[in-house]
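Q: predicted model and sequence below, questions to follow.
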Protein chains: 2
Amino acid sequence: MENAFINLDARARTLLRTLIESYIRDGQPVGSRTLARTSGLSVSAATVRNVMADLEDMGLIHSPHTSAGRIPTPAGYRLFVDSLLEVRNPSPEEVRAIQSGFDPNASTQDLMDTTSNLLSRVTRMAGMVRLPRHRNVALSQIEFLRLGEGRILAILVIDGKEVQNRVLELERDFGQDELQRMANYLNAHLAGKSLHAVRAELLREMRDVRDDLDAMMLAAIDLGEKAVGDEDPDDVVVAGQTHLLGYEELADMERLRQLLEAFNEKQEILGILDQCIRSDRVQIFIGRESGLDWFENCSVVTAPYSVDGEVVGVLGVIGPTRMSYDRVIPIVDVTARLLGSALGDQPPGDPK
Amino acid sequence: MENAFINLDARARTLLRTLIESYIRDGQPVGSRTLARTSGLSVSAATVRNVMADLEDMGLIHSPHTSAGRIPTPAGYRLFVDSLLEVRNPSPEEVRAIQSGFDPNASTQDLMDTTSNLLSRVTRMAGMVRLPRHRNVALSQIEFLRLGEGRILAILVIDGKEVQNRVLELERDFGQDELQRMANYLNAHLAGKSLHAVRAELLREMRDVRDDLDAMMLAAIDLGEKAVGDEDPDDVVVAGQTHLLGYEELADMERLRQLLEAFNEKQEILGILDQCIRSDRVQIFIGRESGLDWFENCSVVTAPYSVDGEVVGVLGVIGPTRMSYDRVIPIVDVTARLLGSALGDQPPGDPK
DNA sequence: TCTGGCACTCGACCGAGTGGAGCGCTGACG
DNA sequence: CGTCAGCGCTCCACTCGGTCGAGTGCCAGA
């Protein structure tokens, strides 16, 4: 595949690029004559045919039947997005549409919903956002509530606005007043620190037990660790799945069913997104590259988003492989940046 | 429509029933010859033709084109389900499948998810469950947490297991200790009563202010009312939408898009379900009867479910108009009963 | 190495023809 | 008056053959 790229001379690359662009635009197999006319090169259709035959040998394009034009293979798309594509800057209206969608003082959940909606509306495909990891947001407050025999509700207030409930099942039973004192202790020690730091501190304290800690403190630390320990639930917000019904290259009902089912289950979507969280740029999956066969004719464009320089999540869109990458890529890119800054701006914009 | 029923003699009704059953089974327009053979009546095809012509005049059946068999109209389906249908008892396997799906000590949310999943899996259509109104579940505990300037988090524990958070925005600021005292006051007065009763009591106390209440108590009552006041959010749980992609009578992509969109928005689904909550039996909407035109070729079968004799919600399925009503209706019916008793059994099953 | 030309292939489209299912109507029968 | 057999007609679904056009592969010549 790497070799394929090296072996391609400038003319072949131009032709391949023109062919794919044309196919993306029209959805029709493109033949030698049209390609010769539209490529801008002054070569004859016959010459183009020879080049096309070479490209077909390399597995970059193929004919759906003997005498039709050529369409790109997944490998062709791969080469295209990796080294032939010139991304457009997102149009000003699009940037404005995206930017105006972000409400600076919405809750995180709302922000996620808005973002995936935005992505799906602007691209007319399905948008998805991986929830941010909360590693470096500040714990404002922690409280415990006794529900029943050994069952405790832990309430974490994060960033002064986000609230998380967790039900803990314990062997020992605590009275409400004990719980209150433990919460006071934890709040005094931990409030304002990031969840990440809180967890580290609790674990450290559990390790080197000091003499000046009484049993209650120990229990408090233990309880705090349990409450904070469970990382945020893995989840992903999806929107605009129905846009995918409009693409006739995805018209196979059975495939479509599997695709929508995947959106419901979310598990496989999560898997795909998690593969992208390492990269620091826009990433693209084409067709079956992700190893899922219901993914035929689909592509994913993702970008990680970060707060204060640390990647905390991924967002992206999923649509037909035959999509306008030059338009979609910058949209996903800029949305990721804007989401990152919307998340990052909040603490300063809403001090205490 | 009523007249149509009265005017139909036994033979015509048998023929209509056989025709609709046959069409539901095969999806093919059914002609006079086959109908004469399968109806069990000993009449000739010609006679059947005469009857069919009458039925067509009444608007109960129609031909898709000049010389094809007849298919039922929505009015025909209506008559069919109202007075011709003989529902089968649900098959034992189906009852068992449904019954075994209910985990007696799952949370309400889980129960709703399970139920809609169950409905969709057993019927192979889309299942939906309207969340139960909480009017008569017991409030176990109420707590307040100060989030910031005038912003308070109210935590309601219901039935000793369900937890609800509500953020209240107030004009006046309260300290955490004030909040604690108010919560104590409310808990002492209200714990164990039903949400409905709690609300009534709070409203009553607000009306006839008594002298022996100090300002704090008043504030507490006000706060409690705010916290309990907002009824549970309207919501509905949907599952198995993707099953609908399999029915070729729903193959129109644009219609399908609208249908799935409706499931996402949930608003219209809610509207339909709310129309059914009054009835105490299985209800059926056929085609456009609900007034929504994307609903063509779809039908809804719903049944309310009740706890302790009071209807608290509705569940149902949505699928193609051409569905096996005789199978679906008892399934929906029995599921509603089982869900009701699963919800009702919990308080006795989990005392305290 | 490029190019024009030629033969060939294949799908899309059209129109005619055919078979079959099904209807409406009519006239006869009990 | 209800029932029924039969006839003629309509319309759909399918097939078949022919044509057209787009596109390919290959070859010979510049």
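A: Arrived safely, thanks for sending.
Q: what's near enough to touch the residue nearest the centre of chain A?
A: The centre of chain A sits closest to A:Leu315, judged by C-alpha atoms, centre = their mean, with a distance of 2.6 Å. Counting by C-beta atoms under 8 Å, 6 or more residues apart in numbering or on different chains, A:Leu315 touches A:115-116, A:119, A:127-130, A:302-303, A:305, A:332, A:335-336, A:339. Glycine gets a C-beta too; all of them are placed from N, C-alpha and C.
Q: adding pLDDT and neighbour count, write those residues out as CSV.
A: Listed next are the contacts of A:Leu315 as CSV, based on pLDDT from 0 to 100; neighbours: other C-beta atoms under 10 Å in any protein chain shown:
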residue, pLDDT, neighbour count
A:Thr115, 95, 27
A:Ser116, 95, 24
A:Leu119, 95, 30
A:Gly127, 96, 28
A:Met128, 96, 29
A:Val129, 95, 28
A:Arg130, 92, 26
A:Thr302, 96, 24
A:Ala303, 96, 26
A:Tyr305, 93, 25
A:Val332, 95, 25
A:Thr335, 94, 30
A:Ala336, 93, 25
A:Leu339, 91, 27
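Q: longest helix anywhere in chain A?
A: Longest helix in chain A by number of residues (criterion: DSSP state H): helix A:325-349.
Q: helices or strands up against that one?
A: helix A:92-101, helix A:108-123, strand A:298-307, strand A:310-320 (3 or more C-beta pairs under 8 Å, 6 or more residues apart in numbering or on different chains; DSSP states H and E).
Q: what lines up beside the last one in the sheet?
A: Take DSSP bridges as the rule and strand A:310-320 pairs in its sheet with strand A:126-130 (antiparallel), strand A:298-307 (antiparallel).
Q: including distance to A:Thr108, could those go into CSV?
A: Shown next, in CSV, are these (distance: least, C-beta to C-beta, whole Å):
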stretch, distance to A:Thr108
strand A:126-130, 11
strand A:298-307, 11
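Q: ok, which of these comes nearest B:Ile61?
A: strand A:126-130 (41.0 Å; C-beta to C-beta).
Q: continuing past the closest one, what's the next helix or strand?
A: strand A:139-148 (DSSP states H and E).
Q: mind checking what helix or strand follows that next one in sequence?
A: Downstream of strand A:139-148 (by DSSP H and E), the next one is strand A:151-158.
Q: show me what that following strand is packed against.
A: strand A:139-148, strand A:162-169, helix A:215-229, strand B:139-148, strand B:151-158.
Q: worst mean pLDDT among these?
A: Mean pLDDT is lowest for helix A:215-229 among the helices and strands packed on strand A:151-158, at a mean of 67.
Q: now the element after that one, going C-ward?
A: Next along from helix A:215-229, by DSSP H and E: strand A:236-239.
Q: give me every residue that touches whichever residue of the stretch 101-250 of chain A sits closest to DNA strand D.
A: Residue nearest to DNA strand D within the stretch 101-250 of chain A (C-beta to the nearest atom of the strand): A:Glu249, separated by 17.7 Å. By C-beta under 8 Å, 6+ apart, the residues touching A:Glu249 are A:Gly27, A:Asn297, A:Pro320, A:Thr321, A:Arg322.
Q: show me what the residue nearest to the centre of chain A is bridged to.
A: A:Val129, A:Ala303.
Q: and it, what pLDDT?
A: Reading off the model, A:Leu315 has pLDDT 95.
Q: pull up the gap between it and DNA strand C, please.
A: 38 Å (C-beta to the nearest atom of the strand, to the nearest Å).
Q: same check, this time on A:Met323
A: 23 Å.
Q: so which strand or helix has that residue?
A: Short version, using DSSP H and E: A:Met323 is in no helix or strand.
Q: count of neighbours near it?
A: The number of residues packed near A:Met323 is 22, by other C-beta atoms under 10 Å in any protein chain shown.
Q: how about it, nearest residue that isn't a chain neighbour?
A: Excluding the flanking residues, the one nearest A:Met323 by C-beta to C-beta, 6 or more residues apart in numbering or on different chains is A:Ser299, at 6.2 Å.
Q: for the one you found, give me its contacts.
A: Contacts of A:Ser299 (C-beta under 8 Å, 6+ apart): A:Tyr77, A:Ile284, A:Phe285, A:Ile286, A:Gly287, A:Ile318, A:Gly319, A:Pro320, A:Thr321, A:Met323.
Q: relative to A:Ile142, how far out is A:Gln180?
A: 12 Å (C-beta to C-beta, to the nearest Å).
Q: okay, those two: which has more neighbours?
A: Neighbours were counted for A:Gln180 and for A:Ile142 using other C-beta under 10 Å; A:Ile142 has more, 24 against 16.
Q: for the residue nearest to A:Met323, list each beta-bridge partner.
A: A:Ser299 has the following beta-bridge partners by DSSP bridges: A:Ile286, A:Gly319.
Q: any idea how far it lies from B:Leu245?
A: 21 Å.
Q: repeat that for A:Val332.
A: Distance from A:Val332 to B:Leu245, by C-beta to C-beta: 27 Å.
Q: ok, the residue in the stretch 1-150 of chain A that DNA strand D sits nearest to - contacts?
A: Taking C-beta to the nearest atom of the strand, DNA strand D has its nearest neighbour within the stretch 1-150 of chain A at A:Gly31, 2.2 Å off. A:Gly31 sits next to A:Ala68, A:Gly69, A:Arg70 when contact means C-beta under 8 Å, 6+ apart.
Q: not counting sequence-adjacent ones, nearest residue to the last one?
A: Using C-beta to C-beta, 6+ apart and skipping residues adjacent in sequence, the residue nearest A:Arg70 is A:Ile61, 4.2 Å away.
Q: wait, that neighbour sits on A:Pro72?
A: Yes: between A:Ile61 and A:Pro72 there is a contact at 5.5 Å, judged by C-beta atoms under 8 Å.
Q: number of residues surrounding the residue nearest to A:Glu149 when sequence neighbours are not counted?
A: Leaving aside its chain neighbours, A:Glu149 sits nearest to A:Asp173 (5.9 Å; criterion: C-beta to C-beta, 6+ apart). Using other C-beta under 10 Å as the criterion, A:Asp173 is surrounded by 12 other residues.
Q: get me the contact residues on chain A for DNA strand C.
A: A:11, A:42-47, A:49-50, A:65-68 (C-beta under 7 Å from any atom of the strand).
Q: try 10 Å
A: Counting by C-beta under 10 Å from any atom of the strand, chain A comes close to DNA strand C at A:9, A:11, A:29, A:32, A:36, A:41-51, A:63-68.
Q: just to revisit the earlier point, buried stuff in the longest helix of chain A?
A: Buried residues in helix A:325-349, counted by 16 or more other C-beta atoms under 10 Å in any protein chain shown: A:325, A:327-336, A:338-340, A:342-344, A:346.
Q: rewinding a little: the residue nearest to the centre of chain A and B:Phe80, how far apart?
A: 49 Å.
Q: ok, A:Asp333 next?
A: 56 Å.
Q: same deal with A:Gly59?
A: 57 Å.
Q: what residue in the stretch 101-250 of chain A comes nearest to DNA strand C?
A: For the stretch 101-250 of chain A, C-beta to the nearest atom of the strand, closest residue to DNA strand C: A:Glu248, 12.8 Å.
Q: for that residue, which residues are in contact?
A: Here A:Glu248 is in contact with A:Gly27 (C-beta under 8 Å, 6+ apart).
Q: report the angle between the longest helix of chain A and strand A:126-130.
A: Taking axes from the mean of the first three to the mean of the last three C-alpha atoms, to 10 degrees, one finds helix A:325-349 and strand A:126-130 inclined to each other by 40 degrees.
Q: show me the shaky parts of the stretch 251-352 of chain A.
A: Low-confidence segments of the stretch 251-352 of chain A (pLDDT under 70): A:345-352.
Q: got phi/psi on the closest residue to DNA strand C within it?
A: Closest to DNA strand C within the stretch 251-352 of chain A is A:Ala251: 14.1 Å, counting by C-beta to the nearest atom of the strand. Note on A:Ala251: its backbone torsions stand at phi -80, psi -10 [degrees, to the nearest 10].
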